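Trainee: I would like the atomic coordinates for the input below:
(one chain, ligands or ions: 2)
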Amino acid sequence: MKKEHRLLVINPGSTSTKIAIFDGEKPLFEKKLSHSPEELNEYDSIIDQYDLRKESILSTLDEQGINFNKLDAVVARGGLLKPISGGTYRVNDLMIEHLQQGYQGEHASNLGGIIAKEISKQLDIPSYIVDPVVVDELQDLARISGFEPVERRSIFHALNQKAVARQAASSLNKSYEDANLIVVHLGGGISVGVHENGKVIDVNNALDGEGPFSPERSGGLPNADLVKYSETNNLEWKDLKRKLIGNGGIVSYLNTNDGREVVDRIESGDEKAKLIYDAMIYQTAKEVGSCAPVLKGSIDGIVLTGGLAHDDYLVTKLKQYINFLGDVLVFPGEDEMQSLAEGCLRVLRGEEPAKEYS
Ligand SMILES: Nc1ncnc2c1ncn2[C@@H]1O[C@H](COP(=O)(O)OP(=O)(O)O)[C@@H](O)[C@H]1O
Ligand SMILES: CCCC(=O)OP(=O)(O)O
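Mentor: Residues are numbered from 1 along each chain as shown. Ligands and ions are numbered 1, 2, ... in the order given. Next up is the predicted model:
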């Protein structure tokens with residue numbers, strides 16, 4: 001029997017690092033290593049979390065007795081590179097340089113390609129990233145911000161949004177390329193994407209202050225009040241960024257980035273937790289509503305996904321706001337590990353060429 005390719009899959013997110021070993025399409029081992037805000041706040045920048053994240057990956061694999069010599073490739077979620085088209089990219093030197101400098105900013109996924117490259121180099125095997133957070137298919141209209149020096153950018157959960165949109169289209173008996181969907185990824189950050197005929201033609205920048213607030217990000221804020229706050233408190237951009245991304249959103253009100261903890265607090269009668277969680281749901285619903293005219297109301301389905309989509313309270317409340325727009329399909333959690341493995345396998349099996357980042 002033909003030997004399957006064995007892969008190490010690495011997915012650094014804002015609140016966790018997920019790792020897996022795959023034999024072909026089959027996961028042999030999966031683990032989510034959670035990171036609390038306290039643990040991450042020890043570091044000045046995300047790139048400084050390199051040792052923490054890499055060591056926790058290596059020690060977990062070691063505890064599991066994983067034989068590194070049997071690996072054929074390492075694949076990771078990629079970060080804030082230049083805007084690029086979707087697909088599987090070989091990790092090359094320019095990519096490492098851009099991930100290290102944070103070409104479009106800072107996010108945990110910048111560490112994905114860097115850690116993948118480091119591990120693969122020692123094993124003399126290739127490393128890849130698939131559908132990074134900078135996949136850009138915006139229509140021109142969506143790039144206009146309203147202030148010429150500032151252009152809107154496509155930064156979102158591209159990997160999971162695309163994977164789940166394909167599943168949703170298939171459950172609606174459509175091909176992804178023929179479907180019109182609004183996809184809502186409810187994770188550490190929240191992105192709401194308009195998928196028209198297989199392209200994400202509009203989406204909120206889920207990292208840099210657009211759209212609803214989320215467990216750990218502020219989302220869009222009133223501009224003038226934000227600038228005044230920043231001046232009054234003498235904050236440079238790097239300080240303000242730490243407050244808004246990582247320590248914004250639910251963290252800033254309730255001091256936790258864990259949706260489950262918020263739900264427990266609501267169930268035990270915490271009124272503030274309820275107000276804040278309800279407000280996040282309300283803002284998410286408004287973002288979904290703003291996508292309906294982009295598709296001129298021709299919506300095949302609205303898809304809820306990400307960790308928070310496991311929560312019945314949130315899903316029920318959100319549906320009450322958006323049900324009237326179309327069928328709501330729920331795909332809780334994410335399919336990112338499987339999608340990373342599949343993207344890597346397509347290249348290793350010669351079904352498609354690896355793209356070169358340039
Ligand atoms: N069953 C659940 N109920 C409520 N919140 C949940 C549940 N499972 C996961 N979450 C929350 O989802 C968020 C993380 O979502 P996920 O998509 O895994 O994150 P990331 O964006 O970090 O990859 C966290 O706030 C986590 O606490
Ligand atoms: C940078 C956009 C993707 C994103 O926000 O991912 P996480 O929610 O995993 O941090």
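Trainee: and the gap between Asp65 and ligand 2?
Mentor: For residue 65 the amino acid is Gly, not Asp. 29 Å (Cβ to the nearest ligand atom, to the nearest Å). For the C-beta atoms, the positions are set from N, CA and C on the backbone; glycine is no exception.
Trainee: Phi, psi for that residue please.
Mentor: Dihedral pair for Gly65: phi 70, psi 30, per degrees, to the nearest 10.
Trainee: Tell me, how many residues neighbour Ser154?
Mentor: 25 (other Cβ atoms under 10 Å).
Trainee: can you check Phe147 too?
Mentor: 8.
Trainee: Would you quantify the distance from it to Gly187?
Mentor: For Phe147, the distance to Gly187 equals 29 Å [Cβ to Cβ, to the nearest Å].
Trainee: Then Glu267?
Mentor: 22 Å.
Trainee: what do you get for Asn204?
Mentor: Taken as Cβ to Cβ, the span from Asn204 to Gly187 is 13 Å.
Trainee: Check His98 too.
Mentor: On the measure of Cβ to Cβ, His98 and Gly187 end up 23 Å apart.
Trainee: Which parts of the stretch 201-350 of the chain are strands?
Mentor: 301-306, 328-332 (DSSP state E, counting those that start in this stretch).
Trainee: Just confirm yes or no for the shortest one near ligand 1.
Mentor: This means strand 328-332. No - judged by Cβ under 6 Å from any ligand atom, strand 328-332 stays clear of ligand 1, getting no closer than 7.7 Å.
Trainee: cool, and the longest one?
Mentor: Yes - figure legend: strand 301-306 in contact with ligand 1 (Cβ under 6 Å from any ligand atom); contacting residues Gly306.
Trainee: Just want the angle from that strand to strand 328-332.
Mentor: 20 degrees (axes from the mean of the first three to the mean of the last three Cα atoms, to 10 degrees).
Trainee: starting at the chain centroid, how far to strand 301-306?
Mentor: 14 Å (Cα atoms, centre = their mean, to the nearest Å).
Trainee: Output that strand as PDB, restricted to C-alpha atoms.
Mentor: Coordinates of the C-alpha atoms in strand 301-306 are reproduced here as PDB (Å, rounded to 0.1, in the frame of the first residue of the first chain):
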ATOM      1  CA  GLY A 301     -27.400  31.400   3.200                       C
ATOM      2  CA  ILE A 302     -25.800  33.000   6.300                       C
ATOM      3  CA  VAL A 303     -23.200  30.800   7.800                       C
ATOM      4  CA  LEU A 304     -22.100  31.000  11.500                       C
ATOM      5  CA  THR A 305     -18.700  29.400  12.400                       C
ATOM      6  CA  GLY A 306     -15.800  29.800  14.800                       C
END
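Trainee: which parts of it are buried?
Mentor: Residues Gly301, Ile302, Val303, Leu304, Thr305, Gly306 are the ones in strand 301-306 that count as buried (16 or more other Cβ atoms under 10 Å).
Trainee: Around the closest residue to Ala279 other than its chain neighbours, count how many other residues there are.
Mentor: Excluding its sequence neighbours, the residue lying closest to Ala279 (Cβ to Cβ, 6 or more residues apart in numbering) is Phe213, at 7.6 Å. Using other Cβ under 10 Å, the number of residues around Phe213 comes to 25.
Trainee: Run a quick check on Phe213 versus Ala206, I expect a contact.
Mentor: No - using Cβ atoms under 8 Å, Phe213 is not in contact with Ala206, being 10.9 Å away.
Trainee: got any residues that touch both of the two?
Mentor: Ile190 (Cβ atoms under 8 Å, 6 or more residues apart in numbering).
Trainee: and the residue of the stretch 151-300 of the chain found nearest ligand 2, what does it touch?
Mentor: In the stretch 151-300 of the chain, the residue found nearest to ligand 2 is Gly189; the distance is 3.0 Å by Cβ to the nearest ligand atom. Going by Cβ under 8 Å, 6+ apart, Gly189 touches Ser14, His157, Ala206, Leu207, Ser214, Glu216, Arg217.
Trainee: separation between the closest residue to Asp178 other than its chain neighbours and Lys272?
Mentor: Take Asp178 and drop its neighbours on the chain: the residue closest to it by Cβ to Cβ, 6+ apart is Asn197, 6.5 Å away. Distance, Asn197 to Lys272, by Cβ to Cβ: 43 Å.
Trainee: next one: Lys3
Mentor: For Lys3, the distance to Lys272 - Cβ to Cβ - is 56 Å.
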